[in-house]
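**Student:** sharing a sequence plus its predicted fold:
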Number of protein chains: 2
Amino acid sequence: MRKPTDSTLVSISKHLNLSVSTVSRALSGQSKKYRISDKTTKLILETARKFNYRPNQLARGLILKRTNTVGIIIPDITNPFFANIVRWIERAARDNGVSILISDSNDQTSVEQTSLKEFIGRKIDGLIISPVGQEQSHLREAKEKQIPIVLIDRNFSNLDLPYVGSENFQGTKSAIEYLIKNGHQKIGFIQGLPESSVNMDRVNGYRDALEEHHIPFDPELVVGNDFGVENGYTGTKLLLSKEEKVTAIFAASNLIALGTIKAINESGLHIPRDISLIAYDEQFFCEYLSIPLTTVSQQSKEIGYIAYQLLTDLIKSEDSNNKPFKKIELPTKLILRNSVKDLNSS
Amino acid sequence: MRKPTDSTLVSISKHLNLSVSTVSRALSGQSKKYRISDKTTKLILETARKFNYRPNQLARGLILKRTNTVGIIIPDITNPFFANIVRWIERAARDNGVSILISDSNDQTSVEQTSLKEFIGRKIDGLIISPVGQEQSHLREAKEKQIPIVLIDRNFSNLDLPYVGSENFQGTKSAIEYLIKNGHQKIGFIQGLPESSVNMDRVNGYRDALEEHHIPFDPELVVGNDFGVENGYTGTKLLLSKEEKVTAIFAASNLIALGTIKAINESGLHIPRDISLIAYDEQFFCEYLSIPLTTVSQQSKEIGYIAYQLLTDLIKSEDSNNKPFKKIELPTKLILRNSVKDLNSS
DNA sequence: TTGTAGGCGTTATCAC
DNA sequence: GTGATAACGCCTACAA
């Protein structure tokens, strides 16, 4: 800022000996409506271009009560899954002339709250967020302030807000069933952030698949506490050290799977010969790993795109708090590669 | 926006029968300076909290000529290298109370220009950008408007702007020398976006290493045109189809390397037995690939952090256009793994 | 067809 | 110690 040469409506209007309103109208394409002469319009447009005029969005937002700005808060921009979602939201937004304020909460509620406050102060038109855990007071508050909010990836079942994510339950269940079909009974589960909805859904899918096939659910086989590589590593070590030997591991994220691969390698075991592995969330590198990973693939592009559409709808509609919101779960796909051994045929 | 209940300085001052100025002063911690009584101050603070007051940053920015907003434009948020940089910039910024507007240019100059205009209209305090190619008119213009700009990853040698990136030339050169030391002479080079500075530096490093070891530079062995997986795949296919058989390939990005791996696998060849591979840019998954990749590692965290510091300095300093800017190149590190064969010992 | 004036929420400059 | 009032740059009734 502090550009002495910044051209404004006033500077242009003075230059042309016209009023600001005329200039404003012409510049916002309302020449017809106000029947501004073609000559004047043309003159204004040219001058604006000559002086490189850009409307000051601060001033604009102040009066319009609309900033064309949307906030995004995600737990980890470094995770390709979220990066991908952000990419598509940003693209859709840009095509609409709306800009994106971004925050990486690093899975910390405190950061999430800070950023939300910041964004509110900056008068965002709406928010797309993948909340950390179950703490939701700040979102409640924002909702009461009538700020349009769309949840992605992680849901709050007890908070009526629109949501787009994956069929975590079904996706996991199918994967576990695939393992069972291949003869696996002792299946370790390395979970992510325990209090996150995605994680709970995945654990439930795991549990449900087991129970449907009359395999007792053993809480001992569920380990871990976040979605990172390190957790995959220690979780796997832990599983391998147990009395009960697992024949397969389900990793609740692809980063967890990387840690699992490392730990298994170090133990001198081999995937899938000695132990099978499936990971939730396909990523571009999964097919190139030392064992091409069988994964549960999510539609991250669609999640981003739909989230933005939902938010747009919400922003357009007045008094959006009254109707119940859509909760959209996109189907997942099991991508079969070579990390699962068929125990039946051996 | 359009929250009927939004509390403002006016609403608070009316509520307390005080003037806006007093409320404003107390709320911005200027009670001492203006000797506002403790009682009044306390009252104001409490009321503000009670009504959940947040200053409207639009109004603030309008008068302060400072928005505490910084724009970031990068070519691909999906690339972990950039995602990582963004993460650290955002974190440093947040600690300072500044928010990040983000844009993913998808390596298209037109998008870059659009976003820059948007950001200028939004009165960002500064910009951190990794520009697409050699088109720089829009950056020149922004620079003339006195907008603080810091370049990351990709530099313009002929445009005096601060820059933080890696020693692309030296990093590549060292890697190529390592290959040469291991007996490789026919080295294919799969490049990224040809007109980007990083790419040119890497190609030059390659060339320089060859020449220093009296190996003729063969332009036929330099193929490719962007940093993606697909390009790595087709580039490798092309290299493999040539008369002259290469014994090693240098991939100018890790994504390119993935494509290379795929193409090599499909050809029935084996890394490193039949062909060696080194990739520029270490990423978290590189050690888990089918052949653990030897890579050139960059300090992405530091790039992000330093870029933000440079930008902050720039924003603070008046008339920053007069002194020549720092161009910082951070050293890289060759991470040795198992994708290179020693031809001398075979 | 164009202009005037008020206001958006904040800070800064005077004044009392 | 506190209060008016004028900006900041824009939009939009309401006039003319």
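**Tutor:** Received, thanks.

**Student:** which stretches of chain A aren't confidently modelled?
**Tutor:** A:1-5, A:318-322, A:346 (pLDDT under 70).

**Student:** if we use 80, what do you get?
**Tutor:** Counting by pLDDT under 80, the ranges of chain A that qualify are A:1-6, A:35, A:133, A:318-324, A:345-346.

**Student:** which residues in chain A form helices?
**Tutor:** A:9-16, A:20-27, A:38-50, A:57-64, A:80-95, A:109-121, A:137-144, A:168-181, A:197-212, A:229-241, A:254-266, A:300-316 (DSSP state H).

**Student:** mind listing what's buried in stretch A:7-16?
**Tutor:** Residues of stretch A:7-16 classed as buried by neighbour count (16 or more other Cβ atoms under 10 Å in any protein chain shown): A:7, A:8, A:9, A:11, A:12, A:13, A:16. (Each C-beta comes from the backbone N, C-alpha and C, glycine too.)

**Student:** give the contact list for the fifth one.
**Tutor:** This means residue A:12. Residue A:12 makes contact with A:23, A:44, A:47, A:48, A:51, A:53, according to Cβ atoms under 8 Å, 6 or more residues apart in numbering or on different chains.

**Student:** 7 Å instead, please
**Tutor:** Counting by Cβ atoms under 7 Å, 6 or more residues apart in numbering or on different chains, residue A:12 touches A:23, A:47, A:48, A:51, A:53.

**Student:** can you lay out the buried residues of stretch A:7-16 as CSV showing distance to residue B:252?
**Tutor:** Shown next, in CSV, are those (distance: Cβ to Cβ, whole Å):
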residue, distance to residue B:252
A:7, 42
A:8, 45
A:9, 48
A:11, 47
A:12, 47
A:13, 52
A:16, 52
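
**Student:** residue A:183 against residue A:342, yeah?
**Tutor:** Yes: counting by Cβ atoms under 7 Å, residue A:342 is a contact partner of residue A:183 at 6.4 Å.

**Student:** looking at the two, which is more packed in?
**Tutor:** residue A:183 (16 against 12; other Cβ atoms under 10 Å in any protein chain shown).

**Student:** gap between that one and residue B:50?
**Tutor:** Residue A:183 sits 63 Å away from residue B:50, going by Cβ to Cβ, to the nearest Å.

**Student:** residue A:308 now?
**Tutor:** Using Cβ to Cβ, one gets 35 Å for the distance from residue A:308 to residue B:50.

**Student:** compare these two (neighbour count), which wins?
**Tutor:** Taking other Cβ under 10 Å, residue A:308 and residue B:50 do not tie; residue A:308 has more neighbours (28 against 11).

**Student:** who in the stretch 51-200 of chain A is up against chain B?
**Tutor:** Residues of the stretch 51-200 of chain A lying close to chain B (Cβ under 7 Å from any Cβ of the partner chain) are A:54-59, A:61-62, A:65-67, A:77-78, A:80, A:83-84, A:86-87, A:90-91, A:94, A:99-104, A:115, A:117-118, A:120-123, A:125, A:145-146.

**Student:** show the buried residues in the contacts of residue A:12.
**Tutor:** A:23, A:47, A:48, A:53.

**Student:** quick revisit: now the two most distant members of the contacts of residue A:12.
**Tutor:** A:23 and A:51 (11.2 Å; Cβ to Cβ).

**Student:** in contact with the nearest residue to residue A:51 once chain neighbours are set aside: list those residues for me.
**Tutor:** Nearest residue to residue A:51, sequence neighbours excluded (Cβ to Cβ, 6 or more residues apart in numbering or on different chains): residue A:7, at 3.9 Å. Each residue near residue A:7 by Cβ under 7 Å, 6+ apart is listed here: A:51, A:52, A:53.

**Student:** can you put the residues you listed in CSV and add distance to residue B:272?
**Tutor:** Shown next, in CSV, are the contacts of residue A:7 (distance: Cβ to Cβ, whole Å):
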residue, distance to residue B:272
A:51, 61
A:52, 55
A:53, 59
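
**Student:** what's the closest of those to residue A:249?
**Tutor:** Checking the contacts of residue A:7 one by one against residue A:249 (Cβ to Cβ), the nearest turns out to be residue A:52, at 59.1 Å.

**Student:** number of residues surrounding the closest one?
**Tutor:** Neighbours of residue A:52 under the rule other Cβ under 10 Å: 14.

**Student:** and for residue A:247?
**Tutor:** Residues lying near residue A:247 (other Cβ under 10 Å) number 18.

**Student:** and residue A:301, by the same measure?
**Tutor:** Using other Cβ under 10 Å, residue A:301 has 13 other residues around it.

**Student:** wait, it sits on residue A:89?
**Tutor:** No: applying Cβ under 7 Å, one finds residue A:301 not in contact with residue A:89, separated by 10.1 Å.

**Student:** which residues are common contacts for those two?
**Tutor:** When Cβ under 7 Å, 6+ apart defines a contact, no residue borders residue A:301 and residue A:89 alike.

**Student:** how much space between the nearest residue to residue A:129 once chain neighbours are set aside and residue A:106?
**Tutor:** Of all residues not flanking residue A:129 in the chain, residue A:73 sits nearest, at 4.4 Å (Cβ to Cβ, 6+ apart). Distance of residue A:73 to residue A:106, given as Cβ to Cβ: 11 Å.

**Student:** more neighbours: those two, which one.
**Tutor:** Set residue A:73 next to residue A:106 and count neighbours by other Cβ under 10 Å: residue A:73 wins out with 23 against 17.

**Student:** now do the contacts for that one.
**Tutor:** Counting by Cβ under 7 Å, 6+ apart, residue A:73 touches A:103, A:105, A:112, A:115, A:116, A:129.

**Student:** among these, who's most crowded?
**Tutor:** Highest neighbour count within the contacts of residue A:73, by other Cβ under 10 Å: residue A:129, with 27 neighbours.

**Student:** tell me if I'm right that it and residue A:151 touch.
**Tutor:** Yes: look at residue A:129 against residue A:151 with Cβ under 7 Å: they come within range, at 6.3 Å.

**Student:** out of the helices of chain A, which is the most enclosed?
**Tutor:** helix A:254-266 (a mean of 24; mean count of other Cβ atoms under 10 Å in any protein chain shown).

**Student:** most proximal residue of the stretch 201-346 of chain A with respect to DNA strand D?
**Tutor:** residue A:316 (15.7 Å; Cβ to the nearest atom of the strand).

**Student:** coming back round to it: look up how far residue A:100 lies from the residue nearest to residue A:129.
**Tutor:** 11 Å.

**Student:** got it, and residue A:10?
**Tutor:** Relative to residue A:100, residue A:10 is positioned 30 Å away (Cβ to Cβ).
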